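Q: Return a 3D structure for these sequence lines:
(one chain, ligands or ions: 1)
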Amino acid sequence: MPPLFDWQFAADPYPAYAWLREHAPVRRTRLPSGVEAWLVTRYADARQALADPRLSKNPHHHGEQGAHGKGKVGIPGERSANLMTHLLNIDPPDHTRLRRLVSKAFTPRRVAAFAPRVRELADGLIDSFAARGEADLIHEYAFPLPIYAICEMLGVPREDQEDFRTWAGMMIHQPGSPRGGVGRAVKRMRAYLAELIHRKRAELARTGSGDDLISGLIRASDHGEQLTENEAAAMAFILLFAGFETTVNLIGNGTYALLRNPGQRALLQRAVADGDEELLAGAVEELLRYDGPVELATWRFATRELTIGGRRIREGEPVLVVLAAADRDPEKFTAPDTLDLTRQDNQHLGYGHGIHYCLGAPLARLEGQTALAALLRRLPDLELAADPAELRWRGGLIMRGLRTLPVEFTAAD
Ligand code: HEM
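A: Prediction:
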């Protein structure tokens, strides 16, 4: 079997996933953290597991919890920063209540109204490097865009957004960021968000106004269903956390895939020039399927014995659904290893499935489409400025994306 989770694996995990799908589609595997988990790699099994109510999101169901498994599942730092009660760690009925609350604030209308601002942010970032004729698209484009976008949606004042950029950089070990670990960044973010929620609540009580997502959350929770301060902080945090590195990697992996597939890139470039929004939307879905940012869905734990793909999973055992493997399953997709931006009926699992289906998908789509369209329109002769074999990938357990993406183009006057 090809090795899993070594440094080469992050650069191209797909041969190993193909092997697993074929020979051991549900396989118990020791992860780099030492935790043993079942990896589910076929599309049909993955889709079923994502929606199976016997698989809990609550880490308390982890059999190893409390012993040496403690702290090895979930987001680093969330335990010590008291941020455990968020959507990705809870089951119904708490999940139903919190998801309903946040859905009232995070509406498709709010996201649609934000479109002009995302375009402005994308153009502003391109302006900052267009005259140089070269750039690192991760550091200067894919990384700052989602962080500024989500900060603005939440209502983080502009003067504080650089702090978020720093903390976010610490969380994903971005080159040039202060060293000091994910835990410290998470704690600082948490303290800041608690303070901001306090301020917004007072402002809302005083003036009745507040148009941002945090004010929307407070307002939604004040109509009957209560949101505790801790839940509000955890909610704001998970919106930031879930919506940040994912979108960085969508823009980064997506641009890279286009640069490596010139025919498809030319197709998209023409569509963007012609204002063909349908092709653009389909293209972003295909880029998610082909090399999506979320490699494995977040942790699930068996609350009782169950069978997936013929394998018996015991109570307390962790299950990881490998979205990136499922989305290349030849049983589901024709020519799965080919990037086809016009692919029809593309039911990829890049945003998950079931009750934990990505809440931020409309925002992610908006950011992905806007970012790629702006790049292709503004820098039409964009080219990769590095040997693909030299590029380094950031492969955590859940997320996978490029550390840097050096590009060249004709400098703007
Ligand atoms: C959940 C993918 C962007 C917020 C998820 C899940 C996936 C995913 C796969 C399900 C995880 C599971 O079942 O274990 C992505 C991708 C994105 C993206 C590929 C970008 C391309 C965003 C954005 C936001 C966001 C921009 C918010 C601002 C969330 C939240 C959940 C979630 C809150 C938890 C939902 C729940 O548990 O009910 N996302 N996401 N995501 N995502 Fe996203």
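
Q: So which residues of the stretch 1-150 of the chain form helices?
A: In the stretch 1-150 of the chain, the helices defined using DSSP state H, counting those that start in this stretch lie at 7-11, 14-23, 43-50, 94-105, 108-113, 115-130, 137, 144-154.

Q: among those, which is the most enclosed?
A: helix 137 (a mean of 27; mean count of other C-beta atoms under 10 Å). Yep, even glycine has a C-beta here, placed from its N, CA and C like the rest.

Q: got the helices of the stretch 1-150 of the chain as TSV, with distance to the ligand and mean pLDDT columns?
A: Output for the helices of the stretch 1-150 of the chain, formatted as TSV (distance: least, C-beta to the nearest ligand atom, whole Å; pLDDT from 0 to 100):
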stretch	distance to the ligand	mean pLDDT
helix 7-11	17	79
helix 14-23	16	95
helix 43-50	6	98
helix 94-105	5	89
helix 108-113	9	91
helix 115-130	11	97
helix 137	16	97
helix 144-154	5	93
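
Q: who's in contact with the closest residue to the ligand within the stretch 151-300 of the chain?
A: Per C-beta to the nearest ligand atom, residue 243 is where the stretch 151-300 of the chain lies closest to the ligand, at 2.7 Å. Shown in contact with residue 243 (C-beta atoms under 8 Å, 6 or more residues apart in numbering): 146, 150, 360, 363-364.

Q: From the contact counts, what lies against the helix or strand encompassing residue 271?
A: Under the criterion of DSSP states H and E, residue 271 resides in helix 262-273. If you count contacts as 3 or more C-beta pairs under 8 Å, 6 or more residues apart in numbering; DSSP states H and E, helix 262-273 packs onto helix 229-260, helix 277-291, helix 361-378.

Q: so that helix versus helix 229-260, what angle?
A: Interaxial angle of helix 262-273 relative to helix 229-260 (axes from the mean of the first three to the mean of the last three C-alpha atoms, to 10 degrees): 120 degrees.

Q: Buried residues, helix 262-273. List them.
A: Neighbour counts over helix 262-273 (16 or more other C-beta atoms under 10 Å) mark 264-265, 267-269, 271-272 as buried.

Q: before we move on, back to that, let me have the helices of the stretch 1-150 of the chain in CSV, adding distance to residue 238 as columns.
A: Listed next are those as CSV, based on distance: least, C-beta to C-beta, whole Å:
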stretch, distance to residue 238
helix 7-11, 25
helix 14-23, 27
helix 43-50, 18
helix 94-105, 9
helix 108-113, 17
helix 115-130, 21
helix 137, 27
helix 144-154, 11
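
Q: excluding its backbone neighbours, what's nearest residue 340?
A: Sequence neighbours aside, residue 286 is the residue nearest to residue 340 in space, at 6.3 Å (criterion: C-beta to C-beta, 6 or more residues apart in numbering).

Q: Please read the previous query as pertaining to residue 253.
A: When the adjacent residues along the chain are set aside, residue 253 lies closest to residue 291, with 4.5 Å between them (C-beta to C-beta, 6+ apart).

Q: Contact partners for that neighbour?
A: Contacts of residue 291 by C-beta under 8 Å, 6+ apart are 253-254, 256-257, 324.

Q: show me what contacts the residue nearest in space to the middle of the chain?
A: In the chain, the residue lying closest to the centroid (C-alpha atoms, centre = their mean) is residue 246, at 2.3 Å. Residues near residue 246 by C-beta under 8 Å, 6+ apart: 146, 293-294, 360, 364, 399.

Q: Give me the residues contacting the helix or strand encompassing residue 220.
A: According to DSSP H and E, residue 220 maps onto helix 213-221. For helix 213-221, the surrounding residues in contact (C-beta under 8 Å, 6+ apart) are 101-102, 104-106, 110, 153-155, 196-197, 200-201, 203-204, 210, 227, 232, 235-236, 239.

Q: How about the secondary structure of residue 320?
A: strand (DSSP: H, G, I helix; E, B strand; the rest coil).

Q: wait, it sits on residue 39?
A: Yes: using C-beta atoms under 8 Å, residue 320 is in contact with residue 39, at 5.5 Å.

Q: Give the residues shared as contacts by the two.
A: Joint contacts of residue 320 and residue 39 (C-beta under 8 Å, 6+ apart) are residue 296.

Q: could you list every residue that touches the nearest residue in space to residue 91 that is not next to it in sequence?
A: Spatially, and ignoring its direct neighbours in sequence, residue 91 is nearest to residue 56 (5.2 Å; C-beta to C-beta, 6+ apart). Taking C-beta under 8 Å, 6+ apart, we find residue 56 in contact with 91, 300-303.

Q: Top of the residues you listed by number of neighbours, please.
A: residue 300 (26 neighbours; other C-beta atoms under 10 Å).

Q: What values do phi and psi take at that residue?
A: When read as degrees, to the nearest 10, the backbone of residue 300 gives phi -130, psi 150.

Q: now do residue 307
A: Torsion angles, degrees, to the nearest 10, at residue 307: phi -120, psi 130.

Q: What sits closest to residue 164 if chain neighbours are left out?
A: Per C-beta to C-beta, 6+ apart, closest to residue 164 is residue 151, 5.3 Å.

Q: how near is that neighbour to residue 210?
A: Using C-beta to C-beta, to the nearest Å, residue 151 is found at 15 Å from residue 210.

Q: got it, and residue 171?
A: Counting by C-beta to C-beta - residue 171 and residue 210 are separated by 27 Å.

Q: The two: which has the busier surroundings?
A: Just comparing residue 171 and residue 210: by other C-beta under 10 Å the higher neighbour count belongs to residue 171, 23 against 17.

Q: ok, now which ones touch the more buried one?
A: 182, 185-186, 241, 244-245.

Q: Could you report the neighbour count for the residue of the stretch 51-200 of the chain found nearest the ligand?
A: Nearest residue of the stretch 51-200 of the chain to the ligand, counting by C-beta to the nearest ligand atom: residue 87, 3.4 Å away. A total of 20 residues lie near residue 87 under the criterion other C-beta under 10 Å.
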